[in-house]
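Enquirer: One predicted model, sequence on top.
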Amino acid sequence: MLAALEASCHVVLEGPPGTGKSTLLRSVAAQTDTSFVFVEGNAELTPGRLVGHFDPAQVLTKGYDPSVFIDGPLVTALRDGALLYVEEINRVPEETLNLLITVMSEGELMVPRLGLLKADPSFRLVAAMNPFDSVGTARISGAIYDRVCRIVMNYQDGSDEVAIVAQTHPEAEADFVAKVVEVVRATRVHPELRMGSSVRGAIDLVAIASRLAERRGQASNDPVGGLDAALVALSGRVRPFEGGARSVESIISDLWHATFGTSAAEDPPGKG
C-alpha cells in the first residue's frame, strides 16, 4: 500500500466487509502524515455531490465567481493533495465513476463555469470495494481497473482476530473470547451460509454478552446468555443461500453448541 502510493499509483482495496480496509488507510494516512477525504459510495453519489456546486444564493449576487463555489470531496482532495477514500466504489453510479477516469489519468478536472483544476502532486485515489456477489454491487469498468493497482484483503487469521477482540474488550475472559471468535469464523465456511460474519460480529457479541450477564446476574461467559448475545450480534450479519431450509438462528445455535460443548436442550423455549 505504501509503496503503491509513493509510486504515484491509485489503489483499490478489495475484500469482504470487516477486513480492515478503512483501518489500513487510516494507519497509512497517519504514518505518512497525509490527510484523507472520506466519501461513502452509494447510488446517491451524483457527480455534483462528488465535485461540488456553486452556492445558488451567492450566484444571484456575485455570479459564477470561484469564491462562491462549494468544494465537494473530490475537489477538496485535489486542492489539498489528500487521499480521496471512496468506500464501496462498486456501488457508485457509472456516470460518477467516469469523473474519476480523467482525474486519475491526467491529474486534472474540468468543472463547468469554474475551469480546469490541476491536482496537487500528492493527490491519490484509494477505493474500497466488496466482492461482486454482495447485494447492491456492480462490476466497475475496465477503464477504472486499468488506472488502479489492486490489493486483495481477506479476513485475519484466528490468532489475530482473537487479539483484536481482546484488545477491544480486555476485561473479557480469554477462553470465552477465543471460542466466540471460533464461532464467528465458522460462519464463513458453513455450507448453508453464503456470507459469514467479520470480526466485528465477535466484538459486538462479547460486548452484548457482558451487558446481558450484568442484567441477568449471570457470569459473562455463561453459554446460555452467550447464545442470546450471538443471535443478536450475528443473525443480521450472516446471509444464507437462497432456498435454504433452516433459519440463520438455527445455524448460529448449532455452531454455538458445537463450539461451547452445550446442548440445544439448554435453550429457552422458542429458541432456534
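Expert: In hand now; what should we look at?
Enquirer: Per-residue pLDDT of the residue nearest to residue 150 when sequence neighbours are not counted, please?
Expert: Spatially, and ignoring its direct neighbours in sequence, residue 150 is nearest to residue 12 (5.2 Å; Cβ to Cβ, 6 or more residues apart in numbering). Any C-beta I mention is one placed from the backbone N, CA and C, and that applies to glycine too. The score at residue 12 is 93. That number is its pLDDT.
Enquirer: neighbours around residue 12, how many?
Expert: 22 (other Cβ atoms under 10 Å).
Enquirer: give me the element it is part of.
Expert: strand 11-14 (DSSP states H and E).
Enquirer: Packing partners of the helix or strand containing residue 37?
Expert: Following DSSP H and E, one finds residue 37 within strand 36-40. In terms of contacts (3 or more Cβ pairs under 8 Å, 6 or more residues apart in numbering; DSSP states H and E), strand 36-40 is packed against helix 21-31, helix 73-80, strand 83-87.
Enquirer: Next, the contact list for the closest residue to residue 195 other than its chain neighbours, please.
Expert: Nearest residue to residue 195 in three dimensions, chain neighbours excluded: residue 239, at 4.0 Å (Cβ to Cβ, 6+ apart). Residues in contact with residue 239, defined by Cβ atoms under 8 Å, 6 or more residues apart in numbering, are 193, 194, 195, 248.
Enquirer: Relative to residue 72, which of the residues you listed is nearest.
Expert: residue 195 (32.6 Å; Cβ to Cβ).
Enquirer: how does the chain divide into domains?
Expert: Following the assignment in automatic domain parsing, the chain carries domains at 2-152, 158-266.
Enquirer: Of these, flag the one that's most buried.
Expert: Across the domains of the chain, averaging neighbours per residue (mean count of other Cβ atoms under 10 Å) puts domain 158-266 on top, at a mean of 18.
Enquirer: now that one: mean pLDDT?
Expert: The average pLDDT for domain 158-266 rounds to 93.
Enquirer: For the helices and strands packed on strand 36-40, give me TSV that also has mean pLDDT and distance to residue 218.
Expert: Below are the helices and strands packed on strand 36-40 laid out as TSV (pLDDT from 0 to 100; distance: least, Cβ to Cβ, whole Å):
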stretch	mean pLDDT	distance to residue 218
helix 21-31	88	33
helix 73-80	96	47
strand 83-87	93	39
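Enquirer: how about the ones you listed, which one is nearest residue 175?
Expert: Residue 175 lies closest to helix 21-31 among the helices and strands packed on strand 36-40, at 26.3 Å (Cβ to Cβ).
Enquirer: quick check: angle from the closest one to strand 83-87?
Expert: 170 degrees (axes from the mean of the first three to the mean of the last three Cα atoms, to 10 degrees).
Enquirer: can you put the helices and strands packed on strand 36-40 in a markdown table and add distance to residue 215?
Expert: Conversion of these to a markdown table gives the following (distance: least, Cβ to Cβ, whole Å):
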| stretch | distance to residue 215 |
| --- | --- |
| helix 21-31 | 31 |
| helix 73-80 | 42 |
| strand 83-87 | 35 |
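Enquirer: who wins for proximity to residue 208 among the ones you listed?
Expert: Here helix 21-31 is closest among the helices and strands packed on strand 36-40 (Cβ to Cβ), at 22.0 Å.
Enquirer: so what strands line up beside the strand holding residue 12?
Expert: strand 124-129 (parallel), strand 149-152 (parallel) (DSSP bridges).
Enquirer: out of the ones you listed, nearest to residue 8?
Expert: The closest of the strands paired with strand 11-14 to residue 8 is strand 124-129. By Cβ to Cβ, the value is 7.6 Å.
Enquirer: can you tell me the helix or strand for the residue lying farthest from the centre of the chain?
Expert: Centroid-distance maximum for the chain: residue 61 at 42.6 Å, with Cα atoms, centre = their mean. Counting by DSSP H and E, the element that carries residue 61 is helix 56-62.
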